[in-house]
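In: Fold the stuff below for me.
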Amino acid sequence: MADKSTFTPDEWKLIMESVMAAGMAVSAAEPSGLFGLLREGFASSSTLVQAKMDPSTNPLIKTAVADFDTSQGRSIVRDGLKEKLAGSSQTGEIKSKCIQILQQAGAVLDAKAPADAAAFKGWLQLIAQHVAEAASEGGLLGFGGVKVSDAEKATLAEISSALKLAA
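Out: You can find the predicted model right below:
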């Protein structure tokens, strides 16, 4: 079983960034306004809480979630994403950079933690799916619209492809 010590500090930072990038890519694909963004953020964080509480969660996922419980872990991820997303003013640029982060993290997981890679990448895909389903798109004040927009569906497919998972 892989753990944090399996990775270099930069690789672990990338893996931690991928947890946030999974939800951010979907949010950037179809901005949902303030309340939609709040719902999507809650969906992302609730997926982390579910992983923390589930005794059958993969140990590598539990290690990542435990790092998010520390202020140092959150700071490392926040600062790393700030640096990687600097200069991205368009949502399409943000989405593309988040997909790149996921692709790079998936490659590191495949190379360094092959026994845990599928579970971790599947969890990243689950985070993205929960974010996509969190807020209706295209309606008025949360009424009408669709649960998952075409742009979000396309982004979910891109995420699956970047992680080398079935859509």
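In: Hmm, residue 94 and residue 85 touching each other?
Out: Yes - if you go by C-beta atoms under 8 Å, residue 85 and residue 94 touch, sitting 5.9 Å apart. Where C-beta positions appear, they are placed from N, C-alpha and C, glycine not excepted.
In: okay, those two: which has more neighbours?
Out: residue 94 (21 against 18; other C-beta atoms under 10 Å).
In: contacting residues around the more buried one?
Out: 24, 25, 28, 85, 88 (C-beta atoms under 8 Å, 6 or more residues apart in numbering).
In: from those, which is closest to residue 63?
Out: residue 24 (21.2 Å; C-beta to C-beta).
In: host element of residue 28?
Out: Counting by DSSP states H and E, the element that carries residue 28 is helix 9-29.
In: quick one: buried residues of that helix?
Out: The neighbour-count criterion (16 or more other C-beta atoms under 10 Å) identifies 11-29 as the buried residues of helix 9-29.
In: In the protein, what residue spans correspond to helices?
Out: Using DSSP state H, the helices assigned to the chain run over residues 9-29, 33-53, 59-68, 71-85, 91-112, 114-134, 150-162.
In: Mind giving me the packing neighbours of the second one?
Out: Here helix 33-53 is seen to pack against helix 9-29, helix 59-68, helix 114-134 when contacts are counted using 3 or more C-beta pairs under 8 Å, 6 or more residues apart in numbering; DSSP states H and E.
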